[in-house]
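Student: 3D, please:
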Amino acid sequence: MAELLDGLKRTAMCGTFRENDAGKTAVVFGWVQRRRNLGSLLFVDVRDRSGIVQVVFDETTEKELFEKAEKLRSEYVVAVKGVVRERSSKTNKIPTGDVEILADELKILAEADTTPFEISDSSNVNDTLRLKYRYLDLRRPSLQRNLIMRNEICKATRAYLDELGFVEVETPMLGKSTPEGARDYLVPSRVHPGEFYALPQSPQLYKQLLMIAGMDRYYQIARCFRDEDLRANRQPEFTQIDIEMSFVEKIEDVTYPIEGLIKRVFASTIGLDLGEGHFRTMTYREAMENYGSDKPDTRFDMKIVNVTDVFKNTEFKVFKDAMDIKIGPIRGSVRAINFKGGAAKLSRKELDAVVEFAKTLGAKGLCWLTVSENGEVKSSFNKFLTEENVASLKEKCALENGDALFIASDKDYVVFNTLGGVRLMLANKFDLYDKNTYDVLWVTEFPMFEWSEEENRYMAVHHPFTAPMDEDVELCESDPSKARAKAYDLVINGQEAGGGSIRIHSRDLQKKMFNILGFTDADIQTKFGFFVDAFNYGAPPHGGLAFGLDRLTMLLAKDDSIRDVIAFPKVQTASCLMSEAPSPVDEKQLKELQIKIDE
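Tutor: Got it, this is the predicted structure:
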């Protein structure tokens, strides 16, 4: 039978006791981590979110209390009162290792069945079982630390933005479905049969309307939803730190104050000083051409080198076909990365594995070339490789004895994605960077448009409210492939931590952008009517950005899985193994919504 607290009040959390607490009376609440019975001596480790403290029952303990303690099992919920004393045998394995509590009162607040897995960071449990019993999984110290880290990020964010005059404003969850890229999660309306709300993919329209409303500086820790096929470290519902400010014109007007936020977050959560200066800035073009990604990991070198000129006279059809590609603005090229010292590290089998990995990134294949320590050259296209080619590659790629070169040829975007991915795979496999460092930079000057081979037309890279660079406004119509956006992403350790843009505040320019993207006046009114109407009443220059709170927490916690920084995440099928959502609903509920399910 579960006992009541009967007025017991906690004096401190379990993990906070130290040697200077000796002699104090303590009351702790928590879960039994483990129990060790040595006959006349009984040790019980009691755990709460702050850590573990050892509780002792010995020969001085009353018989009835000792027998009660003998009944304790893992995960029982207990209240313990006693006196803190120094341990006779101290340990540095836990922060409370210098002390223990000699119990004189014990209450068993709840018993527990045997758990499906051990509540420990060292337990090797498959994700399916962990997520089915997520409330037990969340008892593990590492996950609790992650959630506390997440809370600290939110606290630091609110404090910093408040100092800069930002106002936290909540925006609606039930809104209008608008074309923002991914599919919307739709909510049927009972009051308006056949009509639907959409859950927000972001508060984009609302935060811009708040600028038109004169709020000047807004932020929100916002819940967002996207019904998309889930990839690694993606969730259908996620949280972002959403920020917008008025009377900004240049990219730096937004990025500079936001750098202060990131520095504050790093300092208050992990105690890391990111320095006084501004973060490095790299253009989108530089990022793609050197690293094959718009979120470059620059903790290690291995830059991509354009070697198209090296093979301009080649008879190798794979390279020739790539160099002949001309599809709208899309071009092809031949590019390479040099894995320094890779010749000795990669066997033929491993070289073939790299080629197969490249195919998973969209490449048709991948060529390789190695130079042994004694200068012997081997390659997967030896038949077409000339001495002149090798000499040029050595010069352009700093190719030396012991190196391994990987060469991709195709449309530029395929080449970038391939070599960028191979570069990261090699760096992870061979520990080419320091995992304890943080690499923070801005990527700017993203393209306004990209050519869609399926649609045979230009599509917006960002949402249609992103402003072009001032000098590129005319290019939006005359040569869209060269138009750059006032857009920017913050990249941390090769991951996009956040991004945003300066917005269009001119109604004439906004209408022009809609037209370039193929929206008719009727489309604009139907999809964005309330939004574009607001521009008729004076919109200030404005811009902003949003950080993924989940991803930022993951980076700061140095965790590889975004699920581990979210309390109740979904799996790859967008379902919750614990609550079994989504699930069927009663026929009565469907009738009220005038919805019929086709079998």
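Student: Residue 374 - how many residues pack around it?
Tutor: Residue 374: 7 surrounding residues under other Cβ atoms under 10 Å. Quick note: C-beta positions are derived from backbone N, CA and C, even for glycine.
Student: Skipping its backbone neighbours, what lies nearest it in space?
Tutor: residue 401 (7.1 Å; Cβ to Cβ, 6 or more residues apart in numbering).
Student: same check, this time on residue 6
Tutor: residue 107 (7.3 Å).
Student: and the gap between that neighbour and residue 77?
Tutor: Distance of residue 107 to residue 77, computed by Cβ to Cβ, to the nearest Å: 9 Å.
Student: For my notes, confirm the residue nearest to residue 6 occurs in a strand.
Tutor: Yes. Counting by DSSP: H, G, I helix; E, B strand; the rest coil, residue 107 is found in a strand.
Student: show me what contacts it?
Tutor: Neighbour list for residue 107: 3, 4, 5, 6, 8, 78, 79, 80 [criterion: Cβ atoms under 8 Å, 6 or more residues apart in numbering].
Student: how much space between the closest residue to residue 307 other than its chain neighbours and residue 303?
Tutor: Excluding the flanking residues, the one nearest residue 307 by Cβ to Cβ, 6+ apart is residue 336, at 5.0 Å. Separation of residue 336 from residue 303 (Cβ to Cβ): 10 Å.
Student: isn't the residue nearest to residue 374 right next to residue 377, touching?
Tutor: No. Under the criterion of Cβ atoms under 8 Å, residue 401 is not in contact with residue 377, lying 9.9 Å apart.
Student: Now do the shared contacts for these two.
Tutor: residue 371.
Student: out of the two, which sits in the more crowded spot?
Tutor: Neighbours were counted for residue 401 and for residue 377 using other Cβ under 10 Å; residue 377 has more, 19 against 16.
Student: Report all helices and strands that the least confident helix or strand in the chain by mean pLDDT contacts.
Tutor: In the chain, no helix or strand scores lower on mean pLDDT, DSSP states H and E than strand 457-460, which sits at a mean of 79. If you count contacts as 3 or more Cβ pairs under 8 Å, 6 or more residues apart in numbering; DSSP states H and E, strand 457-460 packs onto strand 449-452.
Student: Run me through the strand neighbours of the helix or strand hosting residue 496, direction for each.
Tutor: Secondary structure assignment for residue 496, by DSSP states H and E: strand 495-502. Based on DSSP bridges, the pairing partners of strand 495-502 within the sheet are strand 487-492 (antiparallel), strand 542-548 (antiparallel).
Student: In it, which residues are buried?
Tutor: 495, 496, 497, 498, 499, 500, 501, 502 (16 or more other Cβ atoms under 10 Å).
Student: Flag every buried residue along the least confident helix or strand of the chain.
Tutor: Residues of strand 457-460 classed as buried by neighbour count (16+ other Cβ under 10 Å): 458, 460.
Student: can you offset everything so residue one is 6?
Tutor: All right, first residue 6 from here; so that's strand 462-465.
Student: Just after it, pick out the following helix or strand.
Tutor: Next along from strand 462-465, by DSSP H and E: helix 480-483.
Student: on that earlier part again, how close does the residue nearest to residue 379 get to residue 381?
Tutor: Taken as Cβ to Cβ, the span from residue 406 to residue 381 is 9 Å.
Student: now swap in residue 368 and tell me
Tutor: Distance from residue 368 to residue 381, by Cβ to Cβ: 27 Å.
Student: Those two: who's more crowded?
Tutor: Of the pair residue 368 and residue 381, residue 368 is the one with more neighbours under other Cβ under 10 Å, namely 20 against 10.
Student: Report the secondary structure state of the more buried one.
Tutor: Relying on three-state DSSP, one would call residue 368 coil.
Student: quick one, what contacts it?
Tutor: 413, 415, 419, 422, 423 are the contacts of residue 368 under Cβ under 8 Å, 6+ apart.
Student: I'd assumed the fourth one was in a helix, is it?
Tutor: Yes. Using three-state DSSP, the assignment for residue 422 is a helix.
Student: Tell me the confidence at it?
Tutor: We have a pLDDT of 97 for residue 422.
Student: number of nearby residues for the residue lying closest to residue 42 once chain neighbours are set aside?
Tutor: For residue 42, ignoring the flanking residues on the chain, the nearest one in space by Cβ to Cβ, 6+ apart is residue 75 at 6.5 Å. Counted by other Cβ under 10 Å, the residues lying close to residue 75 total 12.
Student: Just to check, the residue nearest to residue 312 is in contact with residue 313?
Tutor: No. Using Cβ under 8 Å, residue 341 makes no contact with residue 313, being 10.1 Å away.
Student: Between these two, point out the one with more neighbours.
Tutor: residue 341 (24 against 16).
Student: And residue 561, how close does it get to residue 182?
Tutor: In terms of Cβ to Cβ, residue 561 sits 34 Å off from residue 182.
Student: if we can go back for a sec, surely the residue nearest to residue 42 touches residue 46?
Tutor: No. Applying Cβ under 8 Å as the test, residue 75 and residue 46 come out as separate, 11.6 Å apart.
Student: hmm, what's the outermost residue in the chain?
Tutor: Distance from the C-alpha centroid of the chain peaks at residue 68, with 54.1 Å (Cα atoms, centre = their mean).
Student: so what's the backbone phi/psi at residue 539?
Tutor: When quoted as degrees, to the nearest 10, the phi and psi of residue 539 stand at phi -60, psi -30.
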